[in-house]
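# A predicted structure for the sequence below; I have some questions about it.
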Amino acid sequence: MIPLSHYLILSSVLFFIGLLGVLTKRNPVIMFMCIEMMLNAVNLSFVAFTRYKPWESLGFSMIPIEQDNGQIFVLFIMTVAAAEVAVGLGLVMAIFRKKQIVTTDDQTLTSLKG
Amino acid sequence: MDQCIDNQHIYIMLGLIIVMPFLGSIIQAFYGKSLQVVFGETYGRWLSGSLAFGFVGTSFLLACNMFANYYMFSKTDPLSVRLTYFHWINLEQLSIPFEFLLDPLSIVMTLLITGVGSFIHLFSTGYMSKDKDYSRFFTYLNLFIGFMLILVLSNNLLVMFVGWEGVGLCSYLLIGFWYQDLNNCRAANKAFIVNRVGDFGLLMGILWIGYLLFQQYGAKEIPGFGLVEALDPRWFSYDIIFGLIGEVVHKYPEIITPIALLLFIGAVGKSAQFPLYIWLPDAMAGPTPVSALIHAATMVTAGIFLMNRMHIIYELSPVASSVVALTGAFTAIWAALIALKQTDIKKVLAFSTVSQLGYMFIACGVGAYWVGIFHVLTHAFFKALLFLGAGSVIYAMSHEQDMRKYGNLWKYLPVTSSTMIIASLAISGFPLLSGFWSKEAILHSAFSSTFPSHILGLETSQWVGWTGLIVAVLTAIYMTRMTVLTFGIPFTNGEERWKTANYDSDHHDVEPYDREESVHISKSEEKYYYSSNIFSAASVDDHQHHLNKNHIPQESPLSMTLPLIVLAFLSLFGGYILHQNHTLESLLSQSSGPVYISKELLHNHHATLDVLLYLSLAASFIGISGGVYKYYKGMPKKETKQDHLWPSLDLWMKHQFYFDDAMQTVFGKMLSRISFGFYKIFDQFFINGILRLIVSMTGYVGDGMQIFQNGYLSSYIFLMVLGFSIMVFFMSIMLIFGGNL
């Protein structure tokens, strides 16, 4: 059986790849993809933790954790992500229609800087 | 309350005396114009004037009645009568009832105010008959009488202060009566502001007295004994003050002099003594009856009244008394010198009033308080007469006030001129006229008193007495000058002088100085009117000049000449009546006779006293004959240039020793410089500096923070991640080292 640490390593690798993408890319569509990757990394660790339940063997008892909360959280996160992408892509389309540009940090889009 | 006489008669009567003028004022204020509308212009005015005169006259008759009652009363019971009407302020530790005091002093003043006041009201009905604000004038005049009665009748320093401020207000309103002329407004402001200086001192003195008594005799906690209640917490009432102040002064002898001097500052302001007299000559901007009533006969004597009322305090402080006497003497000679060279008839009378008030202060300063009141009375008779006579002359000469254009008026105004000559003889100290008696009494008391203070090896009282004699000569000279210039000297070049006077350039050739100044003022008046120019000399009411070469003066109507005749009789015989058998002295010694000083100490015998009568007679005759000799041919043509003994002194006297200008420089310019400096240092540097510091610090912090707000999405996310990482880092440290969650 694959140990829990493998899942967590994969999860964090995915998360940081996503983070790096968000920080460096200037195309909002790619940034959305990276955000999805970060969310799914978190999803992966949720699912892994729920499957392995490491706190039982460690003897944590102070945090009352329900058995399958992780699985349910994954469903919520996927829903929220879908909604977010729908809104975000809508915004991107609107901006594109208006300015013919979707690159973030463009001078025409940063006029609101404080 | 304890001493309240249960005499319903006197209670109601005194209330009526005080309420009458106020009632008149209210009626004039609300229905004066409607009377003119309902009954027509002529009858409405007649009715309005009669009402104003009627209310004050009723007050006078009631006062006479009360005087008769009271006089009989006091034969058996020399105590003063205290009447409490209602409680004004009533606290546990402080009680200020609205109470009045009937004693010889207050009743004599009441008779003077209502008596002279009603005659002047009668005069005003004639004098003001053509003025469009007829009823407004009488509103103020009646109000003045009411406040003046409160001033003299109150048994309480604070109630007195109400009257004191009230008459100040009425004086202000009446000086600025013709408010369309900016000069009149300026004169009114000047009077009000200069009086405020004096009132400040007075209020300080009053509060100090109250505080002192409260501190000494108020309710207090004594350890082991409990709370001791105060006997009677009316700390500002005269009977309480006079009952307790001797004991307090015995304990703290050094405290009485500053109190007395503070009260004296109030008297200096109201009675126009040396440093603060500057408002009175300018107050002549008001209508002439006002000058007669307020600025000669009644209001300006409030300071003398205060000296008399508080004389116990002055008896306890020889230093303050010496200051009073010396201030009086200095003012008397200062103002008399100025009066010698004035050409405006009302200015001569104004400075004469200042000088005579100095005389009264001499009397109060040397301890002869009742003599001060004696001179107040006689001075009220002849000075009111002089002013009313001047008003009659001005009325006849179409509001021309320059004496150099008068002359030969004897032919045109027989009643006015004969009464005015009587008055000027009376003020000059002509034997057996009223001024002679009171002036003699003042000089006598000055020479005979011994206050233990010396200046240059001579007693203060001697200094004051000799000054008084010199002033008597000067008084006779300037009054004779005024009379001769106005009524005598028929012609220059065979014509009456107002026919030959040069009307186009009269300001140019006679008073180049004033001309320059008035031009200077008018340029900058809008700018500085409310700030610094309050001390500039305002010219007397020249609001309507209709005098021309074909003018024929006419005698005033009966309503104006009747008061002149009555006052002339009083000026002739008033002094003798009051003086014979020591009538006034025995009456007033009940309320303002010496309490702490024995009569022997007061009246020590000097060699001068034997010849004093002859000296003052000589002073009077020298003055009158000198004045006639110098002026019988008319004003010396080149008086301001040569043809006199001391050229520069002459010029200084003509320009009032430049005191007004000095005050303008000191208080107008210097004070505005100082306040400009304060504005620069405190307001601009400190307060604005602190504000700017705060503002600019916020700005700098904002500028510093701005580098994070660069508008690049990736940098925002980076900062967010950075913050989150730091948070996670610290939380994990806490988790590792701080035990479980």
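On my side now, so go ahead.

# residues near residue A:79, how many?
When counting by other Cβ atoms under 10 Å in any protein chain shown, one arrives at 10 neighbours for residue A:79. Every residue, glycine included, has its C-beta placed from N, CA and C.

# now the helices for chain A?
A:4-24, A:28-52, A:54-58, A:69-99 (DSSP state H).

# what sits against residue 18?
You didn't pick a chain, so chain A it is. Neighbouring residues of residue A:18 by Cβ atoms under 8 Å, 6 or more residues apart in numbering or on different chains: A:34-38, A:41.

# please go with chain B instead
B:100, B:146, B:149-150, B:153.

# keep only those of these that are also close to chain A.
Here nothing survives when the contacts of residue B:18 are matched to chain A using Cβ under 8 Å from any Cβ of the partner chain.

# tell me the one of these nearest residue B:237?
residue B:100 (10.8 Å; Cβ to Cβ).

# helix/strand/coil for the closest one?
With DSSP: H, G, I helix; E, B strand; the rest coil as the basis, residue B:100 sits in strand.

# now it: how far from residue B:205?
21 Å (Cβ to Cβ, to the nearest Å).

# kindly report the same for residue B:386.
33 Å.

# settle it for me: which of the two has more neighbours?
residue B:386 (32 against 24).

# in which helix or strand does the more buried one reside?
helix B:369-396 (DSSP states H and E).

# next, count neighbours for residue B:185.
Around residue B:185 there are 18 residues (other Cβ under 10 Å).

# quick one, what contacts it?
Contacts of residue B:185 (Cβ under 8 Å, 6+ apart): B:176, B:179.

# out of the helices and strands in chain A, which is least certain?
In chain A, the helix or strand scored least confidently by mean pLDDT, DSSP states H and E is helix A:54-58, which has a mean of 74.

# now for that one, which elements pack on it?
Here helix A:54-58 touches no other helix or strand, going by 3 or more Cβ pairs under 8 Å, 6 or more residues apart in numbering or on different chains; DSSP states H and E.

# starting at the chain centroid, how far to that helix?
Distance, stretch centre to chain centre, for helix A:54-58: 26 Å (Cα atoms, centre = their mean, to the nearest Å).

# quick revisit: least confident of the helices of chain A, on average?
Least confident of these, judged by mean pLDDT, is helix A:54-58 with a mean of 74.

# pull out the buried positions in it.
Buried residues in helix A:54-58, defined by neighbour count with 16 or more other Cβ atoms under 10 Å in any protein chain shown: none.

# one step back: relative to residue B:252, which of the helices of chain A is closest?
Comparing the helices of chain A by Cβ to Cβ, helix A:4-24 comes nearest, at 85.7 Å.

# and the closest residue to chain A within chain B, what's its pLDDT?
Using Cβ to the nearest Cβ, residue B:711 is the residue of chain B that sits closest to chain A, at 3.0 Å. The model reports residue B:711 with a pLDDT of 72.

# okay, the residue most central in space within chain A and residue B:481: tell me how far apart.
Closest residue to the average C-alpha location of chain A: residue A:39 at 1.9 Å, with Cα atoms, centre = their mean. Distance, residue A:39 to residue B:481, using Cβ to Cβ: 113 Å.

# does residue B:96 count as helix, strand or coil?
strand.

# and residue B:224, by the same measure?
Secondary structure, three-state DSSP: residue B:224 is coil.

# give the burial count for it, as a bare number.
Count around residue B:224 with other Cβ under 10 Å applied: 4.

# list the contacts for residue B:55?
Here residue B:55 is in contact with B:20-21, B:23-24, B:27, B:142 (Cβ under 8 Å, 6+ apart).

# hmm, 6 Å instead?
B:20-21, B:24 (Cβ atoms under 6 Å, 6 or more residues apart in numbering or on different chains).

# distance check, it against residue B:49.
11 Å.

# and for those two, which residues touch both?
Joint contacts of residue B:55 and residue B:49 (Cβ under 6 Å, 6+ apart) do not exist.

# and residue B:173, what element?
Per DSSP H and E: helix B:157-175 holds residue B:173.

# quick one: average confidence on the helix or strand following that helix?
Using DSSP H and E, the helix or strand that follows helix B:157-175 towards the C-terminus is helix B:182-217. The average pLDDT for helix B:182-217 rounds to 91.

# distance between helix B:182-217 and the chain's centre?
12 Å.

# quick one: the residue nearest to the centre of chain A and residue A:81 touch, right?
Yes - Residue A:39 lies in contact with residue A:81 (Cβ atoms under 6 Å); the separation is 5.0 Å.

# measure stretch B:86-98 end to end?
Stretch B:86-98 has an end-to-end distance of 5 Å (Cα to Cα, to the nearest Å).

# can you list the residues that contact it?
With Cβ under 6 Å, 6+ apart as the criterion, stretch B:86-98 contacts B:84-85, B:158, B:218, B:233-234, B:236.

# stretch B:229-237 too?
Under Cβ under 6 Å, 6+ apart, the answer for stretch B:229-237 is B:93-96, B:155-158, B:210, B:213-214, B:218-219, B:240.

# can you name the residues of chain B that neighbour chain A?
Counting by Cβ under 6 Å from any Cβ of the partner chain, the positions of chain B adjacent to chain A are B:709, B:711-714, B:717-718.

# what's the distance between residue A:20 and residue A:14?
11 Å.

# more neighbours: which of these two?
residue A:14 (19 against 12).

# show me what the helix or strand harbouring residue B:113 is packed up against.
Counting by DSSP H and E, the element that carries residue B:113 is helix B:104-127. In this structure, helix B:104-127 makes packing contacts with helix B:8-76, helix B:134-153, helix B:288-292, helix B:369-396, helix B:558-579, helix B:583-592, judged by 3 or more Cβ pairs under 6 Å, 6 or more residues apart in numbering or on different chains; DSSP states H and E.

# and the third one, what does it pack against?
Right, helix B:288-292. So helix B:288-292, by 3+ Cβ pairs under 6 Å, 6+ apart, packs with helix B:104-127, helix B:369-396.

# so how far is stretch B:23-39 off the chain centroid?
On Cα atoms, centre = their mean, the centre of stretch B:23-39 falls 29 Å from the chain's centre.

# residue B:231 - that's part of a strand, no?
No - read with three-state DSSP, residue B:231 is coil and lies in no strand.

# what is the burial count for residue 52?
I'll assume chain A. Based on other Cβ under 10 Å, the number of other residues close to residue A:52 is 17.

# if you could check chain B rather than the one you did, that'd help
29.

# what is the burial count for the closest residue in space to it that isn't next to it in sequence?
Closest residue to residue B:52 apart from its sequence neighbours, by Cβ to Cβ, 6 or more residues apart in numbering or on different chains: residue B:138 at 3.7 Å. Using other Cβ under 10 Å, residue B:138 is surrounded by 27 other residues.

# repeat for residue B:261
Residue B:261 has 18 nearby residues by other Cβ under 10 Å.

# buried ones in whichever strand or helix holds it?
Assigned by DSSP H and E, residue B:261 belongs to helix B:256-270. In terms of neighbour count (16+ other Cβ under 10 Å), helix B:256-270 has its buried residues at B:256-257, B:259-270.

# dump the residues you listed to JSON lines, plus pLDDT.
Formatted as JSON lines, the buried residues of helix B:256-270 follow (pLDDT from 0 to 100):
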{"residue": "B:256", "pLDDT": "89"}
{"residue": "B:257", "pLDDT": "91"}
{"residue": "B:259", "pLDDT": "93"}
{"residue": "B:260", "pLDDT": "93"}
{"residue": "B:261", "pLDDT": "94"}
{"residue": "B:262", "pLDDT": "94"}
{"residue": "B:263", "pLDDT": "94"}
{"residue": "B:264", "pLDDT": "94"}
{"residue": "B:265", "pLDDT": "94"}
{"residue": "B:266", "pLDDT": "93"}
{"residue": "B:267", "pLDDT": "94"}
{"residue": "B:268", "pLDDT": "94"}
{"residue": "B:269", "pLDDT": "92"}
{"residue": "B:270", "pLDDT": "93"}
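
# thanks a lot, see you next time.
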